[in-house]
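K.L.:
no FASTA, just this:
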């Protein structure tokens, strides 16, 4: 693991100005997926490609729809990453080429490790009428990028309370609680929700970079306002963060050690070279056994788009 040299900056009431010099809010991008589901994409963006090993962060919903009109994503491939789904409202059925079939419910995590190759589907049950979720991708480190694929479901995660905020530890260690979710880089992920106006001081790892995104309501970080149309990025070096939340607000915190290598992220693939991605694309088009199949799905496979002539690695 690459070690990051940082200058540790402790928080005090007089440190808001310094902290604000080392954090910045960037706009989210809106897009539509499936049948009318609006998502807000935080990373990758032109402002920031990765936060630690987190290389993709989408906030989907909250959205309500008629029964039978929910998300329906047909078979599609992945390599070189872990897909991480945190369900807040609604349910979703995951099926993959390993034979996994798992309905994810609120307060649960599905973690799919693509490694050398996997394909899967994501479909809302016919009787489902709501969805609110966060989907993230985690780039696998160099020594794990070609590991065998696997799927894991986590029905229970540790919950800690502090200053009238409920913290669910999604990944890593936070406030003395450790998530069971198995990742391969130094990472943290935390969901925070409160029913009342509150303020708290949170300890940060100075070796980590962080992102904070509002899922419901608003927030204030070190005296700086944050709404649900932006993500706040914090540079390594800060050892704490003052967080103010109004009642009925929810935020997610993700962080990690800056990633060890530049990556290429294209379509559903994460790799190190354009050749790797081109080979994976051809394997998907040619229905290689590398990606298997999801026979329970009766619709069409997703079609791989054309690759750009040249891609630039990012961190």
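P.N.:
Nice, I can see it. Remember, it's a predicted structure, so these values are computed and weren't measured experimentally.
K.L.:
Tell me which residues of stretch 171-189 come out buried.
P.N.:
Neighbour counts over stretch 171-189 (16 or more other Cβ atoms under 10 Å) mark 171-172, 174, 179, 181, 183-189 as buried. Quick note: C-beta positions are derived from backbone N, CA and C, even for glycine.
K.L.:
can you check stretch 106-113 too?
P.N.:
Those buried within stretch 106-113 under the rule 16+ other Cβ under 10 Å are 107-113.
K.L.:
Likewise for stretch 282-293?
P.N.:
If you call a residue buried by 16+ other Cβ under 10 Å, then stretch 282-293 has these buried ones: 283-284, 290-292.
K.L.:
where do the helices sit along the stretch 151-300 of the chain?
P.N.:
274-285 (DSSP state H, counting those that start in this stretch).
K.L.:
What's the end-to-end length of stretch 30-44?
P.N.:
13 Å (Cα to Cα, to the nearest Å).
K.L.:
What of stretch 149-160?
P.N.:
End-to-end distance (Cα to Cα), stretch 149-160: 32 Å.
K.L.:
same question, stretch 127-146
P.N.:
Stretch 127-146 has its terminal residues 38 Å apart, counting by Cα to Cα.
K.L.:
How about stretch 219-230?
P.N.:
OK, stretch 219-230 end separation, Cα to Cα: 11 Å.
K.L.:
Just the residues contacting that stretch, thanks.
P.N.:
The list of residues contacting stretch 219-230 from outside it, by Cβ atoms under 8 Å, 6 or more residues apart in numbering, reads 11, 15-16, 19-20, 23, 25-28, 40, 59, 212-218, 232, 234, 241-245, 249, 251.
K.L.:
switch to 6 Å and redo it
P.N.:
The contact list for stretch 219-230 (Cβ atoms under 6 Å, 6 or more residues apart in numbering) reads 16, 19-20, 25, 27-28, 212, 214, 218, 232, 242, 244-245, 251.
K.L.:
Report the central residue of this structure.
P.N.:
Closest to where the C-alpha atoms of the chain average out (Cα atoms, centre = their mean) is residue 136, at 2.0 Å.
K.L.:
excluding its backbone neighbours, what's nearest that one?
P.N.:
Among residues not flanking residue 136 along the chain, residue 84 sits closest, at 4.4 Å (Cβ to Cβ, 6 or more residues apart in numbering).
K.L.:
how much space is there between residue 154 and residue 102?
P.N.:
Residue 154 sits 10 Å away from residue 102, going by Cβ to Cβ, to the nearest Å.
K.L.:
hmm, I was thinking of residue 166
P.N.:
Counting by Cβ to Cβ, the gap from residue 166 to residue 102 is 25 Å.
K.L.:
higher neighbour count, the two?
P.N.:
Set residue 166 next to residue 102 and count neighbours by other Cβ atoms under 10 Å: residue 102 wins out with 17 against 14.
K.L.:
got the contact list for that one?
P.N.:
Residue 102 makes contact with 94, 153, according to Cβ under 6 Å, 6+ apart.
K.L.:
Distance of it relative to residue 263?
P.N.:
Here the distance between residue 102 and residue 263 works out to 27 Å (Cβ to Cβ).
K.L.:
Also residue 67?
P.N.:
Using Cβ to Cβ, we find residue 67 at a distance of 39 Å from residue 263.
K.L.:
again with residue 90
P.N.:
Using Cβ to Cβ, residue 90 is found at 31 Å from residue 263.
K.L.:
Over to residue 175?
P.N.:
30 Å.
K.L.:
neighbours around residue 92, how many?
P.N.:
Residue 92 is flanked by 24 other residues according to other Cβ under 10 Å.
K.L.:
In space, what's closest to it - neighbours in sequence excluded?
P.N.:
residue 104 (5.2 Å).
K.L.:
For the one you found, list the residues it contacts.
P.N.:
By Cβ under 6 Å, 6+ apart, the contact set of residue 104 is 87, 92, 110.
K.L.:
now swap in residue 130 and tell me
P.N.:
Neighbours of residue 130 in contact, by Cβ under 6 Å, 6+ apart: 64, 89-90.
K.L.:
Sort out for me which of those are in strands.
P.N.:
Counted as lying in strands by DSSP state E, out of these, are 64, 89-90.
K.L.:
mind putting the residues you listed in TSV, neighbour count included?
P.N.:
Below are those laid out as TSV (neighbours: other Cβ atoms under 10 Å):
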residue	neighbour count
64	13
89	15
90	24
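K.L.:
Using CSV, lay out these together with pLDDT.
P.N.:
Formatted as CSV, the ones in strands among the contacts of residue 130 follow (pLDDT from 0 to 100):
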residue, pLDDT
64, 91
89, 98
90, 97
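K.L.:
where are the low-confidence patches of the stretch 201-315 of the chain?
P.N.:
Counting by pLDDT under 70, the stretch 201-315 of the chain shows low-confidence ranges at 315.
K.L.:
Give me the distance between residue 151 and residue 94.
P.N.:
Separation of residue 151 from residue 94 (Cβ to Cβ) stands at 8 Å.
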